Every structure is written in C-alpha cells, then in structure tokens.
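Asker: I would like to see how this sequence folds:
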Amino acid sequence: MPAERFLDQLNAQIGNEFAAHQQYVAVALYFDGLTMPQLATFFYRQALEERNHAMMMAQYLIDSDAQVRIPAVEAPKCDFASVVEPIRLALAQERRVTAQIFALMATSREEADFASEGFIQWFIKEQVEETARMSDLLTVVERAPDNIEAIEDYVLREQAKGGADPTAPRIAGA
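Answerer: Next up, the predicted model:
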C-alpha cells in the first residue's frame, strides 16, 4: 500500500485534476460562445484529459487497495476580458499542476514508496508536454489577439496533433 502522506496528496490531486477539468470546460464554452470552434474543441479535449488524469489516479488508489476521497473544488472562472486571458489562465494552471505533481514525486521518494514513484513518473512527462503546448499557444495568441482566423488556423494545424499514449496508466471506468 502507498505511504499515507502520498495517499493524502494523491486524493487532493484528484480534486485538483477535476478542478482543472471544470476550468477547461469553462474555457471551451467561452471559445464556443465566440464561435472559435478549434479553440473550443482543443479545450474540450484538454478538459477530458484532466478528467482522465483524475480517474487514472483513482484507479491507482483502487489497485493499491486504498480509499478514494474526492474533495470539493472551487467554481471555475467563466468570464474573460479577451481571448488571451483564458490561455494565460490555462498556462498558469498547467504550471501549478506541474508543481503539484513534482510534490507527489518528492513525497513518494521521501517515503521510499517506489510503486507510487513509478506511477507518478508518467504524469511528469505529461506535464512537460502540457506546459509546452499551452506556452506555445499563448505565444501565438499574444502575437495576434485580434486575428481569430490565424489563431484558429494555428490550433487546427499544430494543436490537434496527438493520440493515445500506450504507456498511460489505466483510467477508472474505461
């Protein structure tokens, strides 16, 4: 069974992942309302990814014979002043989640919890990719905040890449 400190942090992280899911749904809805279907689709996919991260963590707890405790989450921000603001928020969120994942790794190492360290390693790789993707998107949107067509073209061309990762942890319920 994983170390108690790790279990507490991982249960809290499940809440963080669900909060990220809700925030990305709010961002997607904002872009849908602006008739920016590429950015909306991108953020709907990001929301699903965050939800899946929470469910991967839940499955790890189930597999480890540990209790899953889903904490309450704050309501997401839904109103934005410009197309740049939600992307800035998303990048800040990815950086915050990265720090949270690093803290999970540190705890697993401090507790000599090797199984949990192995589990959390995948999320570190994932966070590097997510932060880079959001940083690139922010750069493009800051360059041309009033050129909706250019932003949508970039998202269609560059951000829609990817596929299933065969090394990803199992998703509970999938």
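
Asker: quick one: Leu137 from Glu85, how far?
Answerer: 13 Å (C-beta to C-beta, to the nearest Å). The C-beta positions use only the backbone N, C-alpha and C, and glycine is treated the same way.

Asker: C-alpha coordinates for stretch 92-103, CSV please?
Answerer: Taking Å, rounded to 0.1, in the frame of the first residue of the first chain, the C-alpha atoms of stretch 92-103 are listed here in CSV:
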residue,chain,number,x,y,z
ALA,A,92,-0.7,29.2,-15.1
GLN,A,93,-2.9,26.2,-14.2
GLU,A,94,-0.5,23.8,-16.0
ARG,A,95,2.4,25.2,-14.2
ARG,A,96,0.6,24.9,-10.9
VAL,A,97,-0.4,21.2,-11.6
THR,A,98,3.3,20.6,-12.6
ALA,A,99,4.4,21.8,-9.1
GLN,A,100,1.7,19.6,-7.5
ILE,A,101,2.9,16.5,-9.5
PHE,A,102,6.5,17.3,-8.5
ALA,A,103,5.4,17.4,-4.9
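
Asker: Other residues contacting stretch 146-162?
Answerer: For stretch 146-162, the surrounding residues in contact (C-beta atoms under 8 Å, 6 or more residues apart in numbering) are 34, 36-39, 41-42, 83, 133, 136-137, 140-141, 144.

Asker: hmm, 6 Å instead?
Answerer: The contact list for stretch 146-162 (C-beta atoms under 6 Å, 6 or more residues apart in numbering) reads 36, 38-39, 42, 140-141, 144.
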